[in-house]
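>>> Turn this into a structure:
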Amino acid sequence: MRSKLFVPASRPDLFAKAAAGPADALSFDLEDAVPEARKGEARETLAAYLREAPSGSGQIVVVRVNAPGTAHFAADLEAVALPRTDLVNLPMVEEPAAITDAAARLDRLDPEGRIRLLVNIETPRSLRRAADLACAHPRVAGLQIGYADLLEPCGIDRDDAPALAQIRVAVRLAAAEARVPAYDGAFAAVKEPEAFRAECEAARRHGFAGKTCIHPSQVGIANAAFLPRPDEVEWSRRILAAAAEAETRGLGAILVDGRMIDPPFLARARAVVALSDLHAGTQAR
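A predicted model of the protein is given here:
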């Protein structure tokens, strides 16, 4: 999910338009974007849309439900555990038990285990326990940073690059322990595309797979930023070619342009080429 476009569940007028766009994923929101008085209405509206939404578009469907422990959580999960839903986004999670409880509920609603969980890291406690949350259950498919909830109550400047870098690296390493990807949080200044691009590129350097978009204008920037650069793809293909030749000749060590290549570099090269080929194939179709 290079780009995950935020869509308020209370705005059905935006559903089809968002689905027709280039976002890798649509993130329908039942939480912060919906006023308390309209929670039930938005839930029913979204469930009706998902029951009728065509499959096969290639877009991943994410639903951010209200937080575990709230009055709306169980009803949200019941309503959106549908064939068209790919990921349930859990906000404000601080304990592994909340994830195992959500997974147990999904076991009843989705016994095939198809729907997975995207877990938000958006409180100091969730940041401290990020690896425990990522490893809590096999249904966890990734971690996602929620910058506003994490930073604003602490008085930490949202634009402070060193602070963001520290958070990203911590979350990425926690996700890596569970062998799942990490996704960067939203960037609110929709009229500052270059700043958004810079933040995407920083997140990519920190190993993130994609970023939340709160406006359609951000989608194309994120899609481009989270693809491997051409020079990176070329370098990775050279590594793989050198490794194949070394294997044919029965050699263990690989030297490419004077740099010793061992298994971690080889694994990274395979991942880069696979991601490049995946999106090249998608564009060809």
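
>>> Tell me where the model's unsure across the stretch 1-150 of the chain.
Along the stretch 1-150 of the chain, segments meeting pLDDT under 70 span 56.

>>> the strands in it, which residues?
3-8, 25-29, 60-64, 87-90, 116-121, 140-145 (DSSP state E, counting those that start in this stretch).

>>> now the stretch 151-285 of the chain
With DSSP E, counting those that start in this stretch as the criterion, the stretch 151-285 of the chain has strands spanning 182-184, 210-213, 254-256, 259-261.

>>> on that earlier part again, so can I have CSV of the strands of the stretch 1-150 of the chain showing distance to Glu232 and mean neighbour count?
The way it works is simple: take the backbone N, C-alpha and C, and place the C-beta from them, glycine included. Shown next, in CSV, are those (distance: least, CB to CB, whole Å; neighbours: other CB atoms under 10 Å):
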stretch, distance to Glu232, mean neighbour count
strand 3-8, 19, 24
strand 25-29, 23, 24
strand 60-64, 24, 25
strand 87-90, 27, 24
strand 116-121, 26, 25
strand 140-145, 22, 25
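
>>> In a markdown table: the ones you listed, plus distance to Ala53.
Below are these laid out as a markdown table (distance: least, CB to CB, whole Å):
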| stretch | distance to Ala53 |
| --- | --- |
| strand 3-8 | 12 |
| strand 25-29 | 9 |
| strand 60-64 | 7 |
| strand 87-90 | 15 |
| strand 116-121 | 18 |
| strand 140-145 | 20 |
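
>>> top helix in the chain by residue count?
helix 263-284 (DSSP state H).

>>> List the buried residues for that one?
265-266, 269, 272-273, 275-276 (16 or more other CB atoms under 10 Å).

>>> which residues of the stretch 151-285 of the chain score low on pLDDT?
Ranges of the stretch 151-285 of the chain meeting pLDDT under 70: 281-285.

>>> redo that, cut-off 90
Low-confidence segments of the stretch 151-285 of the chain (pLDDT under 90): 227-285.

>>> got the residue ranges for the helices in it?
161-177, 193-205, 219-225, 230-248, 263-284 (DSSP state H, counting those that start in this stretch).

>>> tell me which strands and helices the longest one is in contact with?
Helices and strands touching helix 263-284, by 3 or more CB pairs under 8 Å, 6 or more residues apart in numbering; DSSP states H and E, are helix 230-248.

>>> Contacts for the helix it packs on, please.
228, 252-257, 261, 265-266, 268-270, 272-273, 276 (CB atoms under 8 Å, 6 or more residues apart in numbering).
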